[in-house]
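Novice: Sequence first, predicted model second:
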Amino acid sequence: MSTVVPLSAQLINLFAAVILLLAFAMLAQRRVLPLINLFALQGLTLCLSTLVVAFSTGQAHLYGSAALTLVLKALLLPWILHRLVRKLQVKSDVEGLVNIPTTMLIGIVLVMVAFNVALPISQLASTISRGTLGIALASVMLAFLMMIVRTKAIPQVVGFLAMENGLFLAATSATYGMPMVVELGIALDVLVGAIILGVFFFQIREQFDSLDIRHLEKLKER
Amino acid sequence: MSISGLLWQFFAIALALALAPLLTGWVNQCRAWLQNRAAPPLLQPYFMLHKLFHKDVVLAHGASPLFVFAPYVVFGCMLLACAIIPTLSTDLPFAPAADTIALVGVFGLARLFIALAAMDIGTSFGTLGGRREMLIGFLAEPALLMVIFTTAMISQSTSVATIVETLAHGDFVINPSLAFAGIAFTFVSFAENARVPVDNPATHLELTMIHEAMILEYSGRHLALIEWAAALKLYAYSCLGLALFFPWGIAEGDSAAGLLLAISALIAKLAVGGALLALIETINAKVRIFRAPEFLGTAFLFAVLGLLVRLLLESRV
Amino acid sequence: MDLFVLTLAIPLVSGLALAAAGERAWAPNLNLIASLGTFLASALLTAEIVAAGPRFAFGEMFFIDSLNVFFVALTAFVGLTTSIFSGPYMRNEREHGRLTAARLRLYKSMFQLFMFTMLAALTTNNLGILWVAMEAATLTTVLLVSLYRTAASLEAAWKYFILCGVGIAQALFGTILLYFAAERVLGETGNALLWTHLVGVKGQLEPTVMALAFVFLLVGYGTKVGLAPLHNWLPDAHAEGPTPVSAVLSGLLLNVALYAILRVKVLADGAIQSGFAGSLMMGFGLLTLTVAAFFLSRQKDIKRMFAYSSIEHMGLITFAFGMGGPVANFAGLLHMTLHSLTKSAIFFAVGHAAQKCGTQVMEDIRGLIKINPVIGWGLMLGTLAILGMPPFGVFASEFMILTHAMKHHPWATPILLTALGVAFAAIFGKVQPMVFGETHLKRLPHAPAITPVFVHLALVLMMGLYIPPYLVRWFHEAARMLG
């Protein structure tokens, strides 16, 4: 411990670790509503971490990003998903294609890959939060894994949104966030995407009486 | 090595022998309160040991010398563990022996003997318990080692004494990796000490028991030694956990003032820890034996994550 | 008024108006007029750019040069012909009871908004906005793919959304990395994602980061281009969506996604100083070409088959751009143009044919030449054109790509020839009995709009025989920009 790491950097690392932990928790969660809550919690942690970065670097536009994250990812999207679950009376259990311990082991391997990929880049970075780039990539990959192994529509969408969280973390940690206009555009896309998916859920359920997307396996090459 | 150091060392061992059953009694008492039962007295484990030591030993017909020998080995291993873990000070004569990897080995040795003894008689329950114990151990040990590697990376040493010194007396740093390791260690301790999510120390239900199944054939002073060893194991794990993750209060020298402070800190921490243990045991249900690998897999996951996070986030410190 | 503003504003405003107004009697006409307006504005814009050179708009937010103005004109043109085609097509669908008024309203407004997102993606100077527009293009078309609300169309739309969503997330990560590399050189001025600024400093961008960024961007946008192995959404979306949507997806969206890759490749090439980006594109291109060619012969659904043909051509074009250099880039651009025109013409013809026979299964479509000779010939000629038969223009561009590959990358030639041969046999063998065969079907209530088919095919034929000199100049300039 030759040099003392500033407290803000320690906090950022802590939040990043929590985000990674939540990514794993989502991967392990068997029920839908807790899954959505975990996602909301991840959004909140992301917001806090962005706030710390904003505070310690004085990047004013990051406060905007943090507010956007809070409203969109910690409040609005979880609220929409909660409503969807209630309205559609989704069965509470989530089924996976692969059992959970195996999924976890694959997850660990993905984290190692992500850390290795990110290491050379984060060494080039000069930001206070550079170390978290690997965690960001890891959470993207874990969310990706979740989309692959889950068979129900809503967990897949949560995976999709969690991937967005990871990407946001990547943007903050490598470069202190993208320009504001891009951030706004991305947020708009995510919101519209979630709404379209909501419409979509109703269509799927109308058609199949279930949100199990294993019904959606008829189109393939024979 | 000074004479006073040696004396303090013996005092620490005596303290372990005395406090261990008390800790078990305290946990049982808290658990009873939390579950709205009339609590047994705090000293119940002592009464139990007293009773067992005064009973005659009944040996099964097929028992080999190993069966008789095993309780002493197990007790010896646990006592050794308690002796070398720095409970009071990092500067006692045995402290340099407290290598974390060696500790895992000591625990492993005890496990081997108790499982062998359980199989020695040839009853079905003993064999079953022994096999289950080895399964749990097989899954818990890698997780425990990973936890140890994480803490060892922080202080660049596998010696518990050095780890404690680095953590307790260095600059205060938030180490997310240590949090991961701490969670993993808690999981492992629950499994290793036959606590609720994995095993239930309070029942003898043949379908689920692990630890109790192994010691069914023991009686008299053998059983007393094994019960005492189990209490010592809980004490050892608690102290190891406290030393690795909450080392504040452990003295560095062997001055009387520092050591007295360390004793009170230790008792306070153990009391809080025991109450938490009882709380966790109360709010959780025991999982099926086939889910135990999942439980320990999670522990392993946390430990590896801790290690990775350590490598990624804190390596340039 | 500024022509560029008009080009972007007309589809946006008309899309919103169509959404607000609902399905009225005049709605198809508004759709048509808006497309015509967009086309005229873009044509005049093109003339302006050709005469006066590249320019910015809205500060430095948008940038129009010879490369993207050419795509803008193409997009607006295919958008116009598609809306001409979709008028009678959609009326027929409605009379068959496959679509309701509400769905038609959704279709028209989303179609215009889709045009807007594509034009925005093509003209933006900001690589972040490019990403946003690409994602918006997916979002506007997801509900179009599931327009029929059948089980299969819902599945196709779901797959489309999820796969493209995953792909586009990779692209976002790539964009972040790109921004990261750029910020180190350009500083935190907010200009670090502007392409015009990036091109100026491309030699100073960190090569390792740029290589990684390019891989992510190629995989990400490549999902939308339909590059193997992430091409699965494409045949489903094309087969299950309404035919006008298939036509614009195939003819335009794939081009726009490829355009995004090309823009980034220029930067990556400048930074990495080796053929890394090109080799990667060549590899993906060849893989895609081969996979698509071998899947072609197994198709039973006519729209699926032509969707695979789109994948095949996208693979070929990616390969061409991967080879790089003026000739290959020229051929790639030419092939992109011709593929857009030909493939949308084919989809128009296929749409009418499928409507007439009431099925998309190829075995049940027979004797088109007897029911409606115009559609029959349209499909036949379109197929010949897409297969690269002379004198159609596709022959010229494929020939250029092949000869260039023989000269510089001879190892790839057998793969190219095999894939093209397999594709030829598969498509021709299936289309021939559909056009010439026995049938007894009656006519449709609304006469199909045949003009777009033949306008496109005439253009393709013309380009095969004679490319106007200003077009050649323009292509050369664009090809030179790509390096």
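Specialist: Great, that's in hand.

Novice: what's the helix or strand for residue 174?
Specialist: Using chain A. Secondary structure from DSSP states H and E places A:A174 in helix A:153-175.

Novice: I was after chain C.
Specialist: helix C:151-186.

Novice: so C:L18 makes contact with C:F114?
Specialist: No. C:L18 lies out of contact with C:F114 (C-beta atoms under 8 Å); the separation is 12.0 Å. In short, each C-beta sits where N, CA and C put it, glycine included.

Novice: could you say what helices and strands the helix or strand of chain A with the lowest mean pLDDT packs with?
Specialist: Lowest mean confidence among the helices and strands of chain A (mean pLDDT, DSSP states H and E): helix A:180-208, at a mean of 81. For helix A:180-208, the elements it packs on are helix A:60-69, helix A:77-88, helix A:153-175, helix C:127-145, helix C:151-186, judged by 3 or more C-beta pairs under 8 Å, 6 or more residues apart in numbering or on different chains; DSSP states H and E.

Novice: And for C:F71, nearest residue in space, chain neighbours not counted?
Specialist: Nearest non-adjacent residue to C:F71, counting by C-beta to C-beta, 6 or more residues apart in numbering or on different chains: C:L122, 5.0 Å away.

Novice: Ignore what I typed, I meant B:V196.
Specialist: B:E281 (4.1 Å).

Novice: Are there helices or strands packed against the helix or strand harbouring the one you found, and which ones?
Specialist: Taking DSSP H and E as the criterion, B:E281 maps to helix B:256-283. Counting contacts by 3+ C-beta pairs under 8 Å, 6+ apart, helix B:256-283 is packed against helix B:3-34, helix B:220-245.

Novice: So what's the gap between the first one and the chain middle?
Specialist: Taking the mean C-alpha point of helix B:3-34 and that of its whole chain, the gap between them comes to 12 Å (C-alpha atoms, centre = their mean, to the nearest Å).

Novice: List the residues that contact C:G128.
Specialist: Taking C-beta atoms under 8 Å, 6 or more residues apart in numbering or on different chains, we find C:G128 in contact with A:M178, A:P179, A:V181, A:V182, A:G185, A:I186, C:T175, C:Y179, C:L193.

Novice: Tell me the most packed of those, by neighbour count.
Specialist: Of all the contacts of C:G128, A:M178 has the most neighbours under the rule other C-beta atoms under 10 Å in any protein chain shown, reaching 30 neighbours.

Novice: what about the residue most central in space within chain B, distance to B:T87?
Specialist: Taking C-alpha atoms, centre = their mean, the centroid of chain B lies closest to B:Y237, which sits 2.8 Å from it. To B:T87, B:Y237 is 12 Å away according to C-beta to C-beta, to the nearest Å.

Novice: ok and the residue in the stretch 201-350 of chain C nearest chain A?
Specialist: Nearest residue of the stretch 201-350 of chain C to chain A, counting by C-beta to the nearest C-beta: C:D236, 4.7 Å away.

Novice: Give me the below-cutoff pLDDT ranges for the chain.
Specialist: All of this is about chain A. A:1-5, A:91-96, A:129, A:213-214, A:217-218, A:220-222 (pLDDT under 70).

Novice: oops, chain C please
Specialist: For chain C, applying pLDDT under 70 flags the ranges C:1, C:189-190, C:440-446.

Novice: Where does pLDDT dip in chain B?
Specialist: B:1, B:170-172, B:314-317.

Novice: ok, back up a step: with respect to chain C, which of the helices and strands packed on helix B:256-283 lies nearest?
Specialist: Across the helices and strands packed on helix B:256-283, closest to chain C is helix B:220-245 (C-beta to the nearest C-beta), at 35.3 Å.

Novice: Just the buried positions in the closest one, please.
Specialist: Residues of helix B:220-245 classed as buried: B:220-245 (neighbour count, 16 or more other C-beta atoms under 10 Å in any protein chain shown).

Novice: Would you mind listing what in the stretch 151-300 of chain C touches chain A?
Specialist: Neighbours of chain A within the stretch 151-300 of chain C, by C-beta under 8 Å from any C-beta of the partner chain: C:151-152, C:154-159, C:161-162, C:165-166, C:169, C:172-173, C:175-177, C:179-180, C:183-184, C:188, C:190, C:192-193, C:206, C:208-209, C:212, C:236, C:239-240, C:295, C:298.

Novice: Out of the residues you listed, which end up buried?
Specialist: Neighbour counting by 16+ other C-beta under 10 Å classes C:151-152, C:154-159, C:161-162, C:165-166, C:169, C:172-173, C:175-177, C:179-180, C:183-184, C:190, C:192-193, C:206, C:209, C:212, C:236, C:239-240, C:295 among those as buried.
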